[in-house]
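S.K.: This is the structure alone, sequence omitted:
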Ligand code: NAP
């Protein structure tokens, strides 16, 4: 096990929140160490073209946006380790961060570990992601103008995504595993009233049909056991997402329902000197731009803490 000197700031996560925090902290004179985590660049690296990130009138591929953010963070002195944090000790002073056999210490920590979209975990899923299978209608719905798509889920996200997709697609199927929706009444009513949305209840997707690209799905009616095929061009998951906060359990206050980090005043956690930004704490907006904004706030709060202490 190797030990390191005490750093001023460690940032865990390299999505829009983590890199923006690094840019702000770097420009403030701290030399943050960033742990890039299991998915360097975070969720934008799984999207095709991002058309809603301000400053890019023609859109920008998600991976390129994240490479740009990384370069910008490095330009201001950030050091990046392409490894994942496996354990933390946040109550100690300095705070301890473990990555495999390595131990790092810092006075302040920004948690920007993001969240992972829940998917079905069926065969061929990895190669189809962003190529027929999607996790964000706001990001990728535009590519289905005049096409047929399906959304899986019965919560507010599924209602929002299905309605949003009707702006582009000719036909939207909403596939839900039960007969009752979990979504709020207003979202449900809006969805039921939308003539372009056809609802398939008590059903689950059991297989992706592929001929070079996604051509459809096999659906099983849970009540009747009947299996049918549905032709679609794209499938959007809206079956919830999981904040990447497992390693913080028992150390920091987490929202009981889904495990998001509890914050006050946007970025302050239950431990002084530990800030949280982006989807690991935000369950409302979950956009790259809002994560970046929270990253900037977290870096400014960390700076205040470091200067005071
Ligand atoms: P959610 O409320 O947890 O709903 C997830 C849906 O996915 C549920 O209907 C669930 O089915 C289904 N599901 C989960 N795992 C599944 C699986 N393996 N296979 C098939 N279906 C599966 O998640 P959400 O819709 O993302 O909403 C999260 C939070 O954000 C909620 O508090 C929501 O109100 C909020 N939100 C609000 C808005 C808005 O107000 N505009 C928009 C989006 C999200 P079951 O119902 O059978 O469990």
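M.R.: Good, I have the coordinates. For clarity, every value in this text was computed on a predicted model and none was experimentally measured.
S.K.: which regions of the stretch 201-309 of the chain sit below the pLDDT cut-off?
M.R.: Along the stretch 201-309 of the chain, segments meeting pLDDT under 70 are nowhere present.
S.K.: What parts of it come near the ligand?
M.R.: Within the stretch 201-309 of the chain, the positions lying close to the ligand (Cβ under 6 Å from any ligand atom) are 204, 238, 239, 240, 283. (Each C-beta comes from the backbone N, C-alpha and C, glycine too.)
S.K.: I'd guessed the last one sits against residue 258; true?
M.R.: Yes: under the criterion of Cβ atoms under 8 Å, residue 283 is in contact with residue 258, at a separation of 6.4 Å.
S.K.: Check the contact lists of the two and give me the overlap.
M.R.: Residues touching both residue 283 and residue 258 (Cβ atoms under 8 Å, 6 or more residues apart in numbering): residue 243.
S.K.: Which residue, neighbours along the chain excluded, lies closest to whichever residue of the stretch 51-200 of the chain sits closest to the ligand?
M.R.: Of the stretch 51-200 of the chain, the residue with the smallest distance to the ligand, taken as Cβ to the nearest ligand atom, is residue 155 at 2.5 Å. Distances taken as Cβ to Cβ, 6 or more residues apart in numbering place residue 182 nearest to residue 155, at 4.6 Å, with adjacent residues excluded.
S.K.: quick one: which of the residues of the stretch 201-309 of the chain next to the ligand sit in strands?
M.R.: In strands, judged by DSSP state E, the following of these are found: residue 204.
S.K.: and the residues of the stretch 201-309 of the chain next to the ligand, which are buried?
M.R.: Neighbour counting by 16 or more other Cβ atoms under 10 Å classes 204, 238, 239 among those as buried.
S.K.: Which one of these is nearest to residue 24?
M.R.: Lowest distance from residue 24 to these (Cβ to Cβ) belongs to residue 238, with 32.2 Å.
S.K.: Now do the lengthiest helix in the chain: which elements does it pack against?
M.R.: Scanning the chain for the longest helix, with DSSP state H as the assignment, gives helix 288-308. With contacts defined as 3 or more Cβ pairs under 8 Å, 6 or more residues apart in numbering; DSSP states H and E, the packing partners of helix 288-308 are strand 6-12, helix 16-27, strand 102-111, strand 274-276.
S.K.: Mind putting those into JSON lines with mean neighbour count?
M.R.: Formatted as JSON lines, these follow (neighbours: other Cβ atoms under 10 Å):
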{"stretch": "strand 6-12", "mean neighbour count": "23"}
{"stretch": "helix 16-27", "mean neighbour count": "29"}
{"stretch": "strand 102-111", "mean neighbour count": "23"}
{"stretch": "strand 274-276", "mean neighbour count": "29"}
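S.K.: I'm done for today, thanks for sticking with me.
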